[in-house]
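> Okay, sequence plus prediction incoming.
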Amino acid sequence: MTFAELWHELEPLGRDPGTGGYRRYSWTEADAQCRAWFIAQATKLGLAVEADNNGNLWAWWGDTRENAIATGSHLDSVPDGGGYDGALGVVSALAAVEMLKDKNFYPERPVVLALFTEEEGARFRVPCLGSRLMTGAIAPETARALTDDDGITLAQAMTAAGHDASAIGPREDLLGRIGAFVELHVEQGRALAPLDAAVAIAKGIWPHGRWRLDFQGRADHAGTARLADRKDPMLPYARTVLAARRAAADNGALATIGKVIAEPGGANGVSSAVIAWLDARAPDEARLEATVTTVLSAAMRYSKECGVTLSARQESYTPPVHFDQGLRDRIADALATAGMQAPVLATGAGHDAGVLAARVPTAMLFVRNPTGVSHSPAEHADLADCEAGVRALALILEDLAQ
Ligand SMILES: [Zn+2]
């Protein structure tokens, strides 16, 4: 099947009819549909599909299982996410293999398509959970105890989906079989449009992390509690949102509070608690630390002024990633030889490729996003650009696997 045909099939899975956004959370029904679809497509291509102990899927092409060229991405989404984040890399990988098979290419080195689980961390709050487990970047017992918003643990969710959660953990043997990993991903940002290029090669990923802030106040009556007597956690929370924006601007960084829970959540009451998540990213660790320190100390000061207690803790942290120079150069050469000019870009978005880069020579390709919008139903890539991405990926697989 062509890219467009594959895309057409995957497109409706896990899409919310109301918002048009995707709710492909890991270990849910939508996730099961996406996984089943991937398995069916890979099997049709003659690939041997295996689920690993962490719930990632691997579809193998070739006689051996050594020194493999891996490519792929994820199919889970953020709440009401776009259709391209993750899915583009998975569909492009399938389409690239089909393109190579059509021209009777047979890989010397095996090619393996990877589908990573819980990349977004939308359900269990730790991004790239599948690749982190595989590389040992998170302890299995820590992962098993992660909970979603309904208090369901990862272990429970995996068990309910028919997966043995007691077996999760590092896979040195599997990592040792991968000689290189190339992840194609939709661009998240708008750097390619002004450069008039369909595809870019990633240089690296900014360091980034998530912090949870618990503002604890006192529930009260909105109609009777005097302003002076209130311990309203919404006030320091609101000022912290503004402080995050300012600190990011001052440090050339990005800081976002995109998730907030007000408890108990009554429209006619002062909240008892506000829980907010700070996501911060910067070109280097010094600027990231400066940004986060500023935000957290401001939050602490505002809380004190409002009689609210604050506890803040880091939920995840990913150091800067520099993709493998040798692999990047080889990819650039392969694309240039075929007449494709691919600029080199850094990104603030985390990816499984960033986690694997610590262990395996890793590179990424970005496909132009004309508006730059991502993590939103408005996320988009033109079909012609997606097809250019497939061609680029096929060229790279052919070059690396021969
Ligand atoms: Zn992604």
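Thanks, I have the structure now. In this text the structure is predicted, and so the values were computed from the model without any measurement.
> next one: phi and psi at the residue of the stretch 251-400 of the chain found nearest the ion?
Nearest residue of the stretch 251-400 of the chain to the ion, counting by C-beta to the ion: residue 351, 5.8 Å away. (Glycine included, C-beta is placed from N, CA and C.) Dihedral pair for residue 351: phi -150, psi 160, per degrees, to the nearest 10.
> What residues of stretch 322-341 count as buried?
Within stretch 322-341, the residues that count as buried by 16 or more other C-beta atoms under 10 Å are 323-324, 327-328, 330-332, 334-335, 340.
> Turn these into a markdown table, columns for secondary structure and distance to the ion.
Shown next, in a markdown table, are the buried residues of stretch 322-341 (DSSP: H, G, I helix; E, B strand; the rest coil; distance: C-beta to the ion, whole Å):
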| residue | secondary structure | distance to the ion |
| --- | --- | --- |
| 323 | coil | 16 |
| 324 | coil | 20 |
| 327 | helix | 20 |
| 328 | helix | 20 |
| 330 | helix | 24 |
| 331 | helix | 19 |
| 332 | helix | 23 |
| 334 | helix | 24 |
| 335 | helix | 22 |
| 340 | coil | 22 |
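> Most widely separated two among the residues you listed?
The distance between the two most remote of these (C-beta to C-beta) is 19.7 Å, for 324 and 340.
> Partner strands of the worst-scoring helix or strand of the chain on mean pLDDT and their direction?
Least confident helix or strand, the chain: strand 344-347 with a mean of 89, by mean pLDDT, DSSP states H and E. Strand 344-347 has the following sheet partners, assigned by DSSP bridges: strand 199-205 (parallel).
> The strand it pairs with: what's the following helix or strand?
Using DSSP states H and E, the helix or strand that follows strand 199-205 towards the C-terminus is strand 208-216.
> Does anything pack onto that next one? Which helices or strands?
helix 234-251, strand 273-281, helix 285-305, strand 309-318 (3 or more C-beta pairs under 8 Å, 6 or more residues apart in numbering; DSSP states H and E).
> Among those, which comes closest to residue 20?
If we rank those by C-beta to C-beta, the stretch that ends up nearest is strand 273-281, at 23.5 Å.
> strand partners of the closest one, parallel vs antiparallel please.
Partners of strand 273-281 in its sheet, by DSSP bridges: strand 208-216 (antiparallel), strand 254-263 (antiparallel).
> Next up, the contacts around residue 260.
Contact analysis of residue 260 by C-beta atoms under 8 Å, 6 or more residues apart in numbering lists 237, 274-277.
> give me that answer again for 10 Å
213, 215, 234, 237-238, 241, 274-277 (C-beta atoms under 10 Å, 6 or more residues apart in numbering).
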